[in-house]
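> Need coordinates for the following:
(one chain, ligands or ions: 2)
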Amino acid sequence: MNDLPQFFSPGQELANNGVPPLNLLVMGKVSTGKSSLLNALLGKARKNSPFKVRAESGVTQALERWQLNPYLCLIDTPGLDYLHSSDWQLPPIDVGIFVVAGSADARQKEHLDRLRQLCPRVVVVLNKIDQYDKWQPFVLDRVIEQWRQALGIDRIFPTCTFGFDPELDLAVQLDLRGIEDLKAELAILLGKRWQERQQRKQVSLSTLVSIVTPTIRSIAESGTTSRRSPFIPGLLAIALGELHHLYYGRSLSGQETYVLLQLLPTMGWYWQASDQHFLLSPDQLQAVVVDSLALLVGAIQAWSQQQILDHKTWMAARSSLAQYLQPELPSYWTKTIEDILTNLSVVAV
Ligand SMILES: Nc1nc2c(ncn2[C@@H]2O[C@H](COP(=O)(O)OP(=O)(O)O)[C@@H](O)[C@H]2O)c(=O)[nH]1
Ligand SMILES: [Mg+2]
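Ligands and ions are numbered 1, 2, ... in the order given. You can find the predicted model right below:
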């Protein structure tokens with residue numbers, strides 16, 4: 001624990017030993033104060049703050065990165081619409097901050113869930129708490145409680161990040177609140193992720209094959225055996241847990257597994273009972289096998305490079321697999337998994 005980096009200290013020597021910094025990304029509706037919050041986390045003054053803040057919306061147009069030290073990179077985003085339209089350009093996220101402001105809005109839950117799919121470690125921040133200064137303190141407490149209910153979360157970090165707009169009257173001071181508590185929580189999550197990366201192991205091709213091959217075979221069998229298709233997510237969950245354990249020395253939590261399984265567009269089919277038999281059609285089976293294989297290959301690809309398995313990685317694995325398997329389809333299971341893993345060069349042994 002003692003040798004964890006000081007994630008929020010600037011000016012550390014840039015000792016780049018090839019380990020990429022962790023990415024801390026902020027997400028939330030436009031004008032909730034995302035850019036302001038990042039400036040506050042950096043400990044900047046209005047004059048030298050790197051992230052642009054303005055009263056009008058749309059000032060942050062694209063992803064903006066700021067590398068604070070060898071360990072941490074802060075990433076600003078333009079707002080929620082961006083998240084939905086351009087997943088493709090999102091870098092791997094190690095820790096996410098979801099920012100809300102104003103009174104509780106249950107529609108934000110779907111956006112929080114989306115961010116969680118990209119990154120399981122997310123902190124929720126209620127910014128602009130100065131808006132409640134003129135009310136009695138219990139009003140803010142009630143707003144916080146409502147947000148917790150609306151988003152289904154235990155903890156929310158109240159903050160104020162006012163004062164980074166360069167067009168403010170010069171006499172106006174920065175009003176920063178809740179930043180130290182938030183930093184402490186972020187440091188814990190970043191530290192966990194850092195340790196996870198340090199503990200990453202090398203895994204041999206034969207070990208990977210010994211997990212992936214029987215899993216894919218069982219999935220193919222389950223899809224074509226009466227009443228067996230509902231077991232497919234379980235088979236994938238076991239294999240993912242095992243792979244994660246090999247790389248990081250710990251299995252996946254239920255929530256983490258659920259998030260990964262959500263990457264599969266074919267998820268819904270497993271529980272579709274045609275005549276109560278729970279059988280997949282040949283076309284469905286083919287898609288399920290390709291998708292499952294892509295999930296496992298994507299996991300290997302991501303975890304061997306110390307990254308989180310996200311939608312982009314899964315899609316990349318899937319398209320190279322589709323290309324690789326195309327001439328053979330639908331006799332995909334005659335190809336050995338070893339061939340596939342080697343040809344996709346996913347194995348960092
Ligand atoms: N009242 C109040 N205004 C804030 C706070 N943080 C930021 N703002 C203002 O909200 C507006 C949008 O801030 P900005 O950081 O650009 O939001 P972003 O669009 O989410 O990046 C600007 O006018 C900021 O000055 C806060 O804690 N309280
Ligand atoms: Mg902004």
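
> so who does residue 151 touch?
100, 108, 109, 112, 124 (Cβ atoms under 8 Å, 6 or more residues apart in numbering). (C-beta placed from N, C-alpha, C; glycine too.)

> With secondary structure and distance to ligand 1 added, can I get the residues you listed in JSON lines?
As requested, those are exported to JSON lines (DSSP: H, G, I helix; E, B strand; the rest coil; distance: Cβ to the nearest ligand atom, whole Å):
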{"residue": "100", "secondary structure": "strand", "distance to ligand 1": "10"}
{"residue": "108", "secondary structure": "helix", "distance to ligand 1": "13"}
{"residue": "109", "secondary structure": "helix", "distance to ligand 1": "19"}
{"residue": "112", "secondary structure": "helix", "distance to ligand 1": "15"}
{"residue": "124", "secondary structure": "strand", "distance to ligand 1": "14"}
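
> can you point me to the longest helix in the protein?
Longest helix of the chain, by residue count under DSSP state H: helix 282-304.

> In it, which residues are buried?
By 16 or more other Cβ atoms under 10 Å, the buried positions in helix 282-304 come out as 284-304.

> go on, stretch 151-161?
Buried residues in stretch 151-161, counted by 16+ other Cβ under 10 Å: 151, 156, 157, 158, 159, 160, 161.

> residues in contact with stretch 124-132?
Under Cβ under 8 Å, 6+ apart, the answer for stretch 124-132 is 28, 32-33, 36-37, 97-102, 112, 139-140, 143-144, 147, 151, 153, 155-162, 175, 177-178, 182.

> Same check on stretch 205-221?
In contact with stretch 205-221 (Cβ under 8 Å, 6+ apart) are residues 228, 232, 235-236, 238-239, 242-243, 246, 285, 288-289, 292-293, 296-297, 300, 333, 336-338, 341-342, 347, 349.

> Just put the contacts of residue 151 in JSON lines and tack on neighbour count, pLDDT and distance to ligand 2.
JSON lines is the format used below for the contacts of residue 151 (neighbours: other Cβ atoms under 10 Å; pLDDT from 0 to 100; distance: Cβ to the ion, whole Å):
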{"residue": "100", "neighbour count": "23", "pLDDT": "97", "distance to ligand 2": "14"}
{"residue": "108", "neighbour count": "20", "pLDDT": "94", "distance to ligand 2": "17"}
{"residue": "109", "neighbour count": "13", "pLDDT": "94", "distance to ligand 2": "22"}
{"residue": "112", "neighbour count": "20", "pLDDT": "93", "distance to ligand 2": "18"}
{"residue": "124", "neighbour count": "21", "pLDDT": "98", "distance to ligand 2": "18"}
